[in-house]
Structure formats: C-alpha cells, structure tokens
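Peer 1: predicted structure and sequence below. I'll ask about it afterward.
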Amino acid sequence: MARKTTAQRLGLAKQSRRKAADQQAGPWMQFQRYAIFYTPPEGALADFGAAWLGWDIATGMPVAHPYMQDVTDDIAALTEAPRKYGLHGTIKPPFRLTDVQSEEALLAAFTELCMVSKPVSLDGLEVTRLGRFLALTVTGDTSELGALAANFLRKLDGFRAFPTEAEVAKRQKTRLTLSQEANLQNWGYPYALDDFRFHMTLTGKLPVEHAETLKQSLTQVLVNTLPKPFVISSLTLVGENTDGRFMEIKRQALQG
C-alpha cells in the first residue's frame, strides 16, 4: 500500500475533526467576543495552518503539530501566541457585544453584509517578517481589500461594546501614531482604516536573526501551498470561547 503524503494525512485528519465537531454541535453557544476573519476554505492552506498553529478554527479542535524537515524549532513554542486565533486575517477585530444586541442579530447582519459584498482578488501571499514575528501578507494592490475591511468595520460597529479602560490601556502600551490612537478611540482597535494591514500571523515574537532564518524555511515549505492569485471569496464570523480560543460560527460567501 502506498504511503499517504503529508497533504493527504492532513486532509484525513481534518475530515475526522469536522465529523467530531458536527457530532458535538449543540445549541447556540454564548461567546465572550466575536470577530470577522478571513479564514482559508478547506484545502492545503487551511490544513497547513491548523497543523502549524495546533488549532483548527473551522472545527474548534486542537491539532497535532506536523514534522517538518526544514524546521528544527519547537513548533509548539513558536506558535503559542497566535494559536488561539487559528490561521486568519482580521477584517473586524474581536469585540464584545453591546447589552442591547444578540448573537442572532449579529449573525443576520453579517450574512446580509456578505451577500452584498464583492469577492476580492489579490496577486498572492508570501511569508513576511513583520518586526519580530512572521506572517503571511498580500502581494500587489490591497486597496479593494482595505475597502472591504473598512466597510465591515463601520457597518457592524453598532454591535460593538466600548472597550474597557483596561483594554484601552493594554493597547496603549504599544507606541501608537496619532491616527492609530484615533482608531483606538473610534473603533476599539488601532490598526484600522488607513492603518489596516492584512496579515495572517504564523509565530509569536522571535529574535530578528531567527525570524529571518525561519522565514526562509517556511517560504520553502509553502512554495506549492500559497495561492496565486489569492482570492477572498468568503468571510467567517468567529467567536471566542471561555478558554480564549476562537472558532468558526459561520462561513459566508461574498456574493455582491
């Protein structure tokens, strides 16, 4: 019997997790926070992200880290910080619901907005060093993606509770520009509108030299996995469980 490839093993494991998640599905859950993410649809990139980070956001289940010949580091340690979010790109950052809104109303508004929003086609994705961490970033013109994110940020803002003083103080520990400070006050998140930069985080903070070496290794690992073009044809409403991990509530196609 022929040995299964890594991609085939990841795909089978994904099917098993999806089946387990479906069997465990119960009544509507109450989440601590909500967010609108781009999450990769079923396929090679989603399978890689779930295994690399150790968390499958689509099924809400942990995943064993892969063995990679080109990566000798402890993958669990490298990915501890971003693990709870799963592989994603933020469109509307995590927020708590106001007291006068409900999960059902948020889901309905999210679905309606997706149905009138157009898919976005981008040149591709690449492994990038952003300061001391690694992420997948978009190549080419990102103006349509920025407009999509701004629209969801604004149109769904009525569901967002104002951040607490502690949440604001935590963000202000990072040196912010004047526009980022204004975004924090207006939208509860510094990196919005003109300061928005789509990225899919792969690691926590690393020494700069180490980050550069790992970037080269992951670029080789993902050479046949990163899509070209990179098309965002759906968005995902996600919720944060009481353990701080995010999971998919609903993936919705962009149908505008």
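Peer 2: Alright, I've got the coordinates.
Peer 1: helices of the stretch 151-256 of the chain, residue ranges please.
Peer 2: Secondary structure of the stretch 151-256 of the chain by DSSP state H, counting those that start in this stretch: the helices cover 165-172, 178-187, 208-221.
Peer 1: just give me the lowest mean pLDDT stretch among those helices.
Peer 2: Lowest mean pLDDT within these: helix 165-172, at a mean of 74.
Peer 1: could the helices of the stretch 151-256 of the chain go into CSV alongside distance to residue 239?
Peer 2: Yep, even glycine has a C-beta here, placed from its N, CA and C like the rest. Shown next, in CSV, are the helices of the stretch 151-256 of the chain (distance: least, CB to CB, whole Å):
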stretch, distance to residue 239
helix 165-172, 18
helix 178-187, 20
helix 208-221, 29
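Peer 1: show me where pLDDT drops low in the chain?
Peer 2: By pLDDT under 70, the weakly predicted segments of the chain are 1-29, 172-173.
Peer 1: what distance do you get for the residue nearest in space to the middle of it to residue 227?
Peer 2: Of all residues in the chain, the one closest to the mean position by CA atoms, centre = their mean is residue 88, 1.6 Å from it. Going from residue 88 to residue 227 by CB to CB, to the nearest Å gives 15 Å.
Peer 1: out of the helices of the stretch 151-256 of the chain, which is closest to residue 66?
Peer 2: helix 208-221 (9.3 Å; CB to CB).
Peer 1: for the closest one, what is the distance to the chain centroid?
Peer 2: Here helix 208-221 is found 21 Å from its chain centre; the criterion is CA atoms, centre = their mean, to the nearest Å.
Peer 1: pull out the buried positions in it.
Peer 2: 211, 214, 215, 217, 218, 221 (16 or more other CB atoms under 10 Å).
Peer 1: looking at these, which is nearest residue 51?
Peer 2: When the buried residues of helix 208-221 are compared against residue 51 (criterion: CB to CB), the nearest one is residue 221, at 11.2 Å.
Peer 1: which residues does that closest one contact?
Peer 2: For residue 221, the contact set (CB atoms under 8 Å, 6 or more residues apart in numbering) comprises 68, 70, 71.
Peer 1: cool, residue 60 as well?
Peer 2: Counting by CB under 8 Å, 6+ apart, residue 60 has contacts 21, 241, 245, 247, 248.
Peer 1: residue 208 too?
Peer 2: Going by CB under 8 Å, 6+ apart, residue 208 touches 129, 132.
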